[in-house]
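Trainee: Have a look; sequence and predicted model below, questions after that.
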Amino acid sequence: MAESLNTSVIILGGSIVGLCNALFLAQRGVPCILIERHAGSSPHPRAMGWTHRTMELFRTVDGLEAELNAIPSRAGGKPRRVATKTLNDKWDDESHWTNSKPALGIAQDKLEPILRAKAIVLGADLRLGYNMTDWSLNDDDDSVSLTATNSTTGGQVYNSGTVLTGDDDNGKMALAKTPAESRGQPGFRAPHIWLKRGDEDVSSLDLFCGGWVVLSKDPSWKERLGEVEHVECVIVGHGVEEADQGAFEVAFGVDNTGAVLIRPNGYVGARWKDSTALGDVKQVHKLIRHTSS
Ligand SMILES: Cc1cc2nc3c(=O)[nH]c(=O)nc-3n(C[C@H](O)[C@H](O)[C@H](O)COP(=O)(O)OP(=O)(O)OC[C@H]3O[C@@H](n4cnc5c(N)ncnc54)[C@H](O)[C@@H]3O)c2cc1C
């Protein structure tokens, strides 16, 4: 049944600008509802650096600056200016990016979840997976009404011949009824979970930037699949560990023997809910070759 809500401010779009609006309004006690059609942040890194002025604004939110500074900068360090004749030359005359003060070097897809969590703590009502379909100015000329529907797909579906359903979905790509259901489903963005690589905190999304990846917790996937051209097999528990036990199964919709094939663009290409598929390893090879060719 349709839910009718009243609030002071409706924010449409839950990316960096919408999230900052929700954060700063909530910080000042202004009731707001944020509508975002996707279930999470875009996995594409997009903006990589945030100026000193942005940091000044973030500093006004209790605890946010400390939380952001605790995140290691990406390889290459904080955004800065360098002088060089060519990219091959020595880089010298390094200076801060803006205002003679250090900027923050965190990719947008890593910053947004932190802002989301903070905004929620401060009281913002974030509605992810809701698509605004209509809006109108009310008769009072001073307020708007907006209609948003809970997306039946729960996220952005990537439709392509190179997305397969795996053997668990009976050859059909079923639409998810809630954003959570779409996690790990072929055709959807691969979900984020926190992992540990030694002492370093990494996102599952960091594993998917370089090429095709089969991800599983069960080492028999690596043993049975052997070398597959262009495809790396990553076993959670061998080199990378879950920060929260069981997060892999929940996020990817598999059991602890299942596996997913992730495309280089961060979308799930195929999924096997358990290791039964390895009984016919030739068929798995065929699916992977088809998906990754
Ligand atoms: C490849 C790439 C690289 C980039 N690199 C940099 C960089 O290095 N540095 C830099 O400063 N900037 C960079 N940018 C730009 C930066 O990402 C954008 O400026 C920033 O994301 C804009 O934020 P926004 O919140 O205004 O809009 P968007 O990020 O576009 O967010 C709009 C949001 O609204 C949602 N939405 C739209 N319609 C609806 C609807 N009907 N219902 C519900 N939700 C809806 C969308 O899903 C989206 O999440 C890059 C962008 C791209 C694409």
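Mentor: Looks like it arrived, so ask away.
Trainee: Please list the residues of the stretch 51-200 of the chain that sit near the ligand.
Mentor: 108, 131-132 (Cβ under 6 Å from any ligand atom). Quick note: C-beta positions are derived from backbone N, CA and C, even for glycine.
Trainee: Mind checking which of these land in strands?
Mentor: 131-132 (DSSP state E).
Trainee: Selecting buried members of the residues of the stretch 51-200 of the chain next to the ligand in ChimeraX, what would you type?
Mentor: A single ChimeraX command selects the buried members of those (16 or more other Cβ atoms under 10 Å):
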select :108,132
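Trainee: quick check, nearest of the residues of the stretch 51-200 of the chain next to the ligand to the ligand?
Mentor: Nearest to the ligand among those is Met132, at 3.6 Å by Cβ to the nearest ligand atom.
Trainee: dump the residue contacts of the closest one.
Mentor: Going by Cβ atoms under 8 Å, 6 or more residues apart in numbering, Met132 touches 12, 35, 37, 146-148.
Trainee: Next up, the contacts around the residue nearest to Glu112 when sequence neighbours are not counted.
Mentor: Spatially, and ignoring its direct neighbours in sequence, Glu112 is nearest to Ser41 (4.2 Å; Cβ to Cβ, 6 or more residues apart in numbering). By Cβ under 8 Å, 6+ apart, the contact set of Ser41 is 15, 108-109, 112-113.
Trainee: so where's the stretch 51-200 of the chain shaky on pLDDT?
Mentor: Residues of the stretch 51-200 of the chain meeting the criterion pLDDT under 70: 73-77, 99-100, 151-182.
Trainee: so where do the helices sit in it?
Mentor: For the stretch 51-200 of the chain, the helices defined by DSSP state H, counting those that start in this stretch occupy 52-58, 64-69, 108-121.
Trainee: for those, which one sits closest to Asp141?
Mentor: helix 108-121 (29.3 Å; Cβ to Cβ).
Trainee: buried ones in that closest one?
Mentor: Buried, per 16+ other Cβ under 10 Å, within helix 108-121: 108-112, 114-116, 118-119.
Trainee: now, which of the contacts of Met132 lie within strands?
Mentor: Per DSSP E, these map to strands at 12, 35, 146-148.
Trainee: Pull out the buried residues from the contacts of Met132.
Mentor: Buried subset of those (neighbour count, 16+ other Cβ under 10 Å): 12, 35, 37, 148.
Trainee: could you dump these to a markdown table with distance to Ser204?
Mentor: Shown next, in a markdown table, are those (distance: Cβ to Cβ, whole Å):
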| residue | distance to Ser204 |
| --- | --- |
| Leu12 | 29 |
| Ile35 | 26 |
| Arg37 | 22 |
| Ala148 | 29 |
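Trainee: Which stretches in the stretch 51-200 of the chain count as strands?
Mentor: 80-83, 92-96, 125-128, 130-137, 144-150, 194-197, 200-203 (DSSP state E, counting those that start in this stretch).
Trainee: that older thread, need the max-distance pair from the buried ones among the contacts of Met132.
Mentor: Spanning the widest gap among those are Leu12 and Arg37, at 9.4 Å by Cβ to Cβ.
Trainee: which residue packs closest to Met55, ignoring adjacent ones?
Mentor: Leaving aside its sequence neighbours, Met55 sits nearest to Leu104 (Cβ to Cβ, 6+ apart; 5.6 Å).
Trainee: What is the neighbour count of that neighbour?
Mentor: 21 (other Cβ atoms under 10 Å).
Trainee: so it bridges to which residues?
Mentor: Following DSSP bridges, Leu104 is listed with bridge partners Trp50.
Trainee: Check whether it really touches Arg80, as I assumed.
Mentor: No: contact criterion Cβ atoms under 8 Å: Leu104 and Arg80 do not qualify, at 11.7 Å.
Trainee: Using CSV, lay out the helices of the stretch 51-200 of the chain together with distance to Trp91.
Mentor: As requested, the helices of the stretch 51-200 of the chain are exported to CSV (distance: least, Cβ to Cβ, whole Å):
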stretch, distance to Trp91
helix 52-58, 21
helix 64-69, 24
helix 108-121, 25
